[in-house]
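1. give the three-dimensional model of this entry:
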Amino acid sequence: MKFNPFYQVAAVSTLLFSASMMVQAHSPFIAPQAYIIEGNGTAIIGGYAEAPFASEFALSGFTVAVNTPNGVQPLELQGTKALSAADVETKVAGTYKITANRENKLEFANVNGKWLRVMESHSETLPPLAERSFITPAEVTAKNKKVSSTRYEQLIGYFSKEKLTDTVLQHSQKGLDVQFSQHPNSLTTAQPLTLTFTVDGKVQKGLALVAIKQWASVAEKEIEIKQTTNEKGQVQLSFPQAGQYIVEVNSPETAEKVQPAAQTYRLNIALQVN
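-> Reported below is the predicted structural model:
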């Protein structure tokens, strides 16, 4: 039977929609249909989700491509209202890197000493404002001080055919970049992973990182790992369970009581741990 990514994500979404992630805004992701593949073609999926990989809205506004062992292949996303997908040609053996990039102008409002992002919400009912990290435009009043910020977002994921290669893992001197202590398609619970983050080529101390595991059953407790980069721009992650994780990193750290910087970065990474 041929694997259907739309069916898989829809099924998982039904299980994961509730619980604590409801108080957060939808976060974008992009991921391979499978992290180790064979054959001459595969698919990638993406969307906006509150629970990891449980897409509720199709991905929009991003420029999507895949870095192949032989070069860059632009991709055009298609799909349903709840999920985006694209076919990828994989005739060459090696590691592929999926990228989705977007530049956004964001607005923030100061509410009782906290800076909350001004954004629309698709939820019919919202928790109290004190429990949220955002405020809707309708809730902003003249008393709320507002500032603007440019956010550079990148979503990435990796998959490999037949062998693991390093061609697409080259360090970038522009924007927020990550380096892995081991190949991203060879992660295990037995070996901690060290990630090194740079902004425009310079190591960054104090970046906020959170890694959340995709739930595999309704009885599973949420696994959330929070770290902050050290003086070397590094964090070490020890994954307690195998599964698929979304890792989100923000630069500079977006503390609620600190006025947002003029330029910020967000990097979301899809990883599979065995």
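2. and the gap between the residue nearest the centre of the chain and residue 138?
-> By CA atoms, centre = their mean, the chain has its centre lying nearest to residue 268, at 2.5 Å. As for residue 268, its distance to residue 138 is 28 Å (criterion: CB to CB, to the nearest Å). In short, each C-beta sits where N, CA and C put it, glycine included.
3. any idea of the mean pLDDT in stretch 239-257?
-> The pLDDT scores in stretch 239-257 average 88.
4. still on that earlier bit, tell me the contacts of the residue nearest to the centre of the chain?
-> 27-30, 153-156, 246-249 (CB atoms under 8 Å, 6 or more residues apart in numbering).
5. ok, longest strand in this structure?
-> Ranked by number of residues, the top strand in the chain under DSSP state E is strand 94-111.
6. now do the buried residues in that strand.
-> The neighbour-count check on strand 94-111 (16 or more other CB atoms under 10 Å) flags 94-100, 102, 107-111 as buried.
7. assess the claim that residue 145 and residue 109 are in contact.
-> Yes. Between residue 145 and residue 109 there is a contact under CB atoms under 8 Å: 7.1 Å.
8. let me know the secondary structure of the nearest residue to residue 181 once chain neighbours are set aside.
-> Spatial nearest neighbour of residue 181, chain neighbours left out: residue 194 (3.8 Å); criterion: CB to CB, 6 or more residues apart in numbering. For residue 194, the secondary structure call by DSSP: H, G, I helix; E, B strand; the rest coil comes out as strand.
9. surely residue 194 is in contact with residue 235?
-> Yes. Assessed by CB under 8 Å, residue 194 is found in contact with residue 235 at 7.3 Å.
10. okay, now the unreliable bits of the chain?
-> The chain contains residues with pLDDT under 70 at 1-25, 252-254.
11. could you chop it up by domain?
-> 5-105+148-273, 106-147 (automatic domain parsing).
12. pick the most buried one from these.
-> Mean neighbour count, computed with mean count of other CB atoms under 10 Å, is highest for domain 5-105+148-273 among the domains of the chain, reaching a mean of 17.
13. surely residue 138 is in a helix?
-> Yes. Applying three-state DSSP, one finds residue 138 inside a helix.
14. for the stretch 51-200 of the chain, just list every one of the strands.
-> With DSSP state E, counting those that start in this stretch as the criterion, the stretch 51-200 of the chain has strands at 63-68, 71-75, 78-79, 84-89, 94-111, 114-118, 134-135, 146-161, 176-180, 193-199.
15. what lines up beside the first one in the sheet?
-> In its sheet, strand 63-68 lies beside strand 71-75 (antiparallel), strand 94-111 (antiparallel), with partners assigned from DSSP bridges.
16. nearest to residue 118, out of those?
-> Of all the strands paired with strand 63-68, it is strand 94-111 that lies closest to residue 118, at 4.3 Å by CB to CB.
17. thanks a lot, catch you later.
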